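1. Let me see the structure of the following:
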Amino acid sequence: MSSFRKALKSRQKNHHERSQPGFRKHLGLLEKKKDYKLRADDYHKKQNTLAALRNKALEKNPDEFYFNMISSQLKDGVHVAKKGTEEVEVTEEQKKMMRTQDIKYVEMKRLAETKKIERLKGELHLLTTGRKQTNKHTFYVESKKQVQSFNLAKHLNTAPQLVDRVYNRPTLHTLETKSIQGAVEPRAIKKLDKQRKHQYKMLAQRVDREKKMYVISQKIQTRKDLQDKTKKVKVKKETASSAAVYKFEAKRKR
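-> Below you'll find the model as predicted:
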(Lines give C-alpha, C1' and ligand atoms only; values in the text may rest on other atoms or scores of the structure.)
Protein backbone atom coordinates (compact mmCIF):
# COMPACT_ATOMS: atom_id res chain seq x y z
CA MET A 1 0.00 0.00 0.00
CA SER A 2 2.89 2.32 0.72
CA SER A 3 4.36 1.70 -2.75
CA PHE A 4 1.02 2.65 -4.32
CA ARG A 5 0.92 5.85 -2.26
CA LYS A 6 4.37 6.79 -3.54
CA ALA A 7 3.28 6.18 -7.16
CA LEU A 8 0.36 8.60 -6.95
CA LYS A 9 0.61 11.50 -9.39
CA SER A 10 -0.77 13.95 -6.85
CA ARG A 11 2.10 13.21 -4.42
CA GLN A 12 4.86 13.41 -6.99
CA LYS A 13 7.03 16.49 -7.44
CA ASN A 14 6.80 18.53 -10.64
CA HIS A 15 10.16 18.51 -12.41
CA HIS A 16 10.88 21.72 -14.32
CA GLU A 17 13.49 22.20 -17.02
CA ARG A 18 16.59 24.09 -16.09
CA SER A 19 16.49 27.79 -16.92
CA GLN A 20 19.36 29.98 -18.10
CA PRO A 21 21.62 31.02 -15.18
CA GLY A 22 21.56 34.68 -14.23
CA PHE A 23 25.12 35.44 -15.35
CA ARG A 24 24.38 33.93 -18.81
CA LYS A 25 21.05 35.68 -19.51
CA HIS A 26 22.72 37.99 -22.01
CA LEU A 27 23.20 34.91 -24.24
CA GLY A 28 19.46 34.37 -24.61
CA LEU A 29 17.31 31.36 -23.77
CA LEU A 30 18.98 28.13 -22.72
CA GLU A 31 18.90 25.64 -25.58
CA LYS A 32 17.02 22.45 -24.69
CA LYS A 33 17.50 19.05 -26.24
CA LYS A 34 14.46 19.41 -28.51
CA ASP A 35 15.87 22.72 -29.84
CA TYR A 36 19.23 21.09 -30.50
CA LYS A 37 17.50 18.20 -32.27
CA LEU A 38 15.70 20.57 -34.67
CA ARG A 39 18.89 22.51 -35.36
CA ALA A 40 20.90 19.33 -35.93
CA ASP A 41 18.30 17.84 -38.29
CA ASP A 42 18.21 21.05 -40.35
CA TYR A 43 22.02 21.13 -40.54
CA HIS A 44 22.30 17.50 -41.66
CA LYS A 45 19.53 17.98 -44.23
CA LYS A 46 21.41 20.88 -45.82
CA GLN A 47 24.70 18.95 -45.77
CA ASN A 48 23.07 15.94 -47.48
CA THR A 49 21.58 18.23 -50.16
CA LEU A 50 24.96 19.83 -50.85
CA ALA A 51 26.61 16.39 -51.05
CA ALA A 52 23.99 15.13 -53.52
CA LEU A 53 24.44 18.21 -55.74
CA ARG A 54 28.21 17.83 -55.58
CA ASN A 55 28.01 14.17 -56.68
CA LYS A 56 25.59 15.08 -59.46
CA ALA A 57 28.01 17.72 -60.78
CA LEU A 58 30.95 15.28 -60.62
CA GLU A 59 29.08 12.50 -62.40
CA LYS A 60 27.65 14.76 -65.14
CA ASN A 61 28.52 13.82 -68.73
CA PRO A 62 30.08 16.85 -70.48
CA ASP A 63 28.91 15.56 -73.90
CA GLU A 64 25.28 15.19 -72.82
CA PHE A 65 22.73 17.12 -74.89
CA TYR A 66 19.26 18.32 -73.92
CA PHE A 67 16.92 20.68 -75.72
CA ASN A 68 17.03 23.34 -73.02
CA MET A 69 20.55 24.13 -74.23
CA ILE A 70 19.21 25.68 -77.44
CA SER A 71 15.87 26.98 -76.09
CA SER A 72 17.35 29.15 -73.32
CA GLN A 73 20.07 31.73 -72.92
CA LEU A 74 22.11 33.04 -70.01
CA LYS A 75 21.34 36.60 -68.84
CA ASP A 76 23.07 37.97 -65.74
CA GLY A 77 23.85 34.44 -64.57
CA VAL A 78 20.24 33.24 -64.91
CA HIS A 79 18.85 30.94 -67.63
CA VAL A 80 16.00 32.64 -69.48
CA ALA A 81 13.83 30.81 -72.00
CA LYS A 82 13.95 32.14 -75.57
CA LYS A 83 10.70 33.40 -77.11
CA GLY A 84 9.91 31.86 -80.43
CA THR A 85 9.20 34.58 -82.98
CA GLU A 86 8.47 32.29 -85.93
CA GLU A 87 5.57 30.46 -84.24
CA VAL A 88 2.36 32.30 -83.42
CA GLU A 89 0.18 30.38 -80.97
CA VAL A 90 -2.93 32.61 -81.28
CA THR A 91 -3.85 34.72 -84.26
CA GLU A 92 -5.46 38.15 -84.10
CA GLU A 93 -8.82 36.78 -85.27
CA GLN A 94 -8.72 34.17 -82.53
CA LYS A 95 -7.89 36.81 -79.91
CA LYS A 96 -10.80 38.97 -81.11
CA MET A 97 -13.18 36.00 -80.92
CA MET A 98 -11.96 35.13 -77.41
CA ARG A 99 -12.48 38.70 -76.22
CA THR A 100 -15.95 38.76 -77.78
CA GLN A 101 -16.87 35.61 -75.87
CA ASP A 102 -15.42 37.10 -72.69
CA ILE A 103 -17.56 40.22 -73.08
CA LYS A 104 -20.68 38.12 -73.63
CA TYR A 105 -19.95 36.03 -70.55
CA VAL A 106 -19.32 39.07 -68.32
CA GLU A 107 -22.44 40.82 -69.64
CA MET A 108 -24.50 37.69 -68.97
CA LYS A 109 -23.25 37.56 -65.37
CA ARG A 110 -23.84 41.30 -64.94
CA LEU A 111 -27.41 40.95 -66.22
CA ALA A 112 -28.03 38.15 -63.72
CA GLU A 113 -26.71 40.34 -60.89
CA THR A 114 -28.95 43.22 -62.07
CA LYS A 115 -32.03 41.00 -61.93
CA LYS A 116 -31.13 39.84 -58.42
CA ILE A 117 -30.63 43.46 -57.34
CA GLU A 118 -34.05 44.43 -58.69
CA ARG A 119 -35.66 41.49 -56.90
CA LEU A 120 -33.99 42.42 -53.61
CA LYS A 121 -35.05 46.05 -54.01
CA GLY A 122 -38.63 44.92 -54.59
CA GLU A 123 -38.57 42.78 -51.44
CA LEU A 124 -36.95 45.38 -49.20
CA HIS A 125 -38.74 48.47 -50.58
CA LEU A 126 -35.55 50.39 -49.65
CA LEU A 127 -36.46 50.51 -45.95
CA THR A 128 -33.74 51.99 -43.74
CA THR A 129 -33.31 51.84 -40.00
CA GLY A 130 -31.80 54.49 -37.80
CA ARG A 131 -31.75 57.37 -40.31
CA LYS A 132 -34.21 59.69 -42.01
CA GLN A 133 -35.56 58.79 -45.41
CA THR A 134 -34.35 60.76 -48.43
CA ASN A 135 -37.53 60.14 -50.47
CA LYS A 136 -40.43 62.58 -50.35
CA HIS A 137 -44.20 62.29 -50.39
CA THR A 138 -45.97 65.37 -51.79
CA PHE A 139 -49.57 66.21 -50.87
CA TYR A 140 -51.57 68.66 -52.99
CA VAL A 141 -54.23 71.03 -51.61
CA GLU A 142 -56.47 73.60 -53.27
CA SER A 143 -55.49 76.84 -51.51
CA LYS A 144 -52.69 78.44 -49.48
CA LYS A 145 -54.95 78.56 -46.45
CA GLN A 146 -55.18 74.78 -46.47
CA VAL A 147 -51.39 74.61 -46.71
CA GLN A 148 -51.01 76.57 -43.47
CA SER A 149 -53.63 74.50 -41.63
CA PHE A 150 -52.52 71.16 -43.13
CA ASN A 151 -52.26 68.37 -40.51
CA LEU A 152 -50.27 65.40 -41.75
CA ALA A 153 -51.43 63.00 -39.00
CA LYS A 154 -55.06 63.84 -39.67
CA HIS A 155 -54.62 63.51 -43.42
CA LEU A 156 -53.01 60.06 -43.06
CA ASN A 157 -55.55 59.06 -40.39
CA THR A 158 -52.84 57.90 -37.99
CA ALA A 159 -51.34 58.84 -34.64
CA PRO A 160 -48.90 61.80 -34.54
CA GLN A 161 -46.20 59.52 -33.06
CA LEU A 162 -46.33 57.31 -36.19
CA VAL A 163 -46.07 60.04 -38.83
CA ASP A 164 -42.28 59.68 -39.27
CA ARG A 165 -42.58 55.98 -40.10
CA VAL A 166 -42.41 54.86 -43.72
CA TYR A 167 -43.68 51.35 -42.98
CA ASN A 168 -45.78 49.64 -40.27
CA ARG A 169 -47.89 52.79 -39.85
CA PRO A 170 -51.42 51.64 -38.81
CA THR A 171 -54.43 53.92 -39.04
CA LEU A 172 -56.52 55.10 -36.09
CA HIS A 173 -59.28 52.65 -37.02
CA THR A 174 -56.80 49.76 -36.85
CA LEU A 175 -55.47 50.96 -33.52
CA GLU A 176 -59.00 51.15 -32.10
CA THR A 177 -60.38 47.88 -33.42
CA LYS A 178 -57.38 45.57 -33.20
CA SER A 179 -55.09 44.97 -30.25
CA ILE A 180 -51.56 45.13 -31.60
CA GLN A 181 -49.89 45.73 -28.25
CA GLY A 182 -47.84 42.68 -27.38
CA ALA A 183 -48.81 40.89 -30.59
CA VAL A 184 -45.19 40.71 -31.65
CA GLU A 185 -42.57 39.66 -29.16
CA PRO A 186 -39.42 41.77 -28.79
CA ARG A 187 -37.35 38.72 -29.68
CA ALA A 188 -39.19 38.33 -32.98
CA ILE A 189 -38.77 42.05 -33.75
CA LYS A 190 -35.04 41.78 -33.09
CA LYS A 191 -34.82 38.73 -35.35
CA LEU A 192 -36.66 40.49 -38.17
CA ASP A 193 -34.41 43.54 -37.84
CA LYS A 194 -31.34 41.30 -38.04
CA GLN A 195 -32.69 39.60 -41.17
CA ARG A 196 -33.42 43.00 -42.74
CA LYS A 197 -29.86 44.19 -42.07
CA HIS A 198 -28.50 41.00 -43.63
CA GLN A 199 -30.62 41.56 -46.73
CA TYR A 200 -29.35 45.13 -47.07
CA LYS A 201 -25.78 43.88 -46.72
CA MET A 202 -26.36 41.34 -49.50
CA LEU A 203 -27.89 44.07 -51.67
CA ALA A 204 -24.83 46.32 -51.18
CA GLN A 205 -22.49 43.45 -52.10
CA ARG A 206 -24.42 42.66 -55.27
CA VAL A 207 -24.48 46.32 -56.33
CA ASP A 208 -20.70 46.51 -55.85
CA ARG A 209 -20.22 43.27 -57.83
CA GLU A 210 -22.37 44.58 -60.68
CA LYS A 211 -20.25 47.77 -60.87
CA LYS A 212 -17.03 45.73 -60.98
CA MET A 213 -18.40 43.55 -63.80
CA TYR A 214 -19.34 46.66 -65.77
CA VAL A 215 -15.77 47.98 -65.43
CA ILE A 216 -14.36 44.60 -66.54
CA SER A 217 -16.56 44.55 -69.65
CA GLN A 218 -15.47 48.09 -70.51
CA LYS A 219 -11.79 47.14 -70.20
CA ILE A 220 -12.24 44.06 -72.40
CA GLN A 221 -14.08 46.14 -75.00
CA THR A 222 -11.27 48.70 -74.98
CA ARG A 223 -8.64 45.99 -75.62
CA LYS A 224 -10.79 44.62 -78.42
CA ASP A 225 -11.07 48.05 -80.07
CA LEU A 226 -7.30 48.55 -79.89
CA GLN A 227 -6.79 45.56 -82.21
CA ASP A 228 -8.60 47.24 -85.09
CA LYS A 229 -7.35 50.81 -84.62
CA THR A 230 -3.74 51.70 -85.35
CA LYS A 231 -3.42 55.42 -84.64
CA LYS A 232 -4.59 56.23 -81.15
CA VAL A 233 -4.00 58.76 -78.40
CA LYS A 234 -4.49 57.89 -74.74
CA VAL A 235 -6.73 60.44 -73.05
CA LYS A 236 -7.20 58.81 -69.66
CA LYS A 237 -5.23 56.10 -67.90
CA GLU A 238 -6.79 52.85 -66.78
CA THR A 239 -7.72 52.63 -63.10
CA ALA A 240 -9.33 50.05 -60.85
CA SER A 241 -12.72 51.73 -61.17
CA SER A 242 -12.67 52.82 -64.83
CA ALA A 243 -11.32 51.70 -68.17
CA ALA A 244 -8.75 53.59 -70.23
CA VAL A 245 -10.04 56.19 -72.68
CA TYR A 246 -8.49 56.45 -76.17
CA LYS A 247 -9.09 58.94 -78.96
CA PHE A 248 -8.81 57.42 -82.43
CA GLU A 249 -8.20 59.17 -85.72
CA ALA A 250 -11.38 59.66 -87.71
CA LYS A 251 -11.52 57.75 -91.00
CA ARG A 252 -13.74 58.60 -93.92
CA LYS A 253 -15.90 55.68 -94.94
CA ARG A 254 -16.97 55.54 -98.55
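
2. Phi and psi next, for residue 75.
-> Taking degrees, to the nearest 10, you get phi -130, psi 120 for the backbone angles of residue 75.

3. what does residue 247 give?
-> phi -120, psi 120.

4. What pLDDT is listed against it?
-> Predicted confidence (pLDDT) at residue 247: the value is 82.

5. give the contact list for it.
-> 232-235 (C-beta atoms under 8 Å, 6 or more residues apart in numbering). Every residue, glycine included, has its C-beta placed from N, CA and C.

6. possible to save these as CSV with secondary structure, distance to residue 16 and neighbour count?
-> Listed next are those as CSV, based on DSSP: H, G, I helix; E, B strand; the rest coil; distance: C-beta to C-beta, whole Å; neighbours: other C-beta atoms under 10 Å:
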residue, secondary structure, distance to residue 16, neighbour count
232, strand, 76, 12
233, strand, 76, 9
234, strand, 71, 10
235, strand, 73, 9
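
7. Closest to residue 57 out of those residues?
-> residue 234 (51.6 Å; C-beta to C-beta).

8. For the nearest residue to that closest one once chain neighbours are set aside, give me its contacts.
-> Excluding the flanking residues, the one nearest residue 234 by C-beta to C-beta, 6 or more residues apart in numbering is residue 246, at 5.7 Å. Neighbour list for residue 246: 222, 225-226, 229, 232-235 [criterion: C-beta under 8 Å, 6+ apart].

9. let's see 7 Å
-> By C-beta atoms under 7 Å, 6 or more residues apart in numbering, the contact list for residue 246 reads 222, 232-235.
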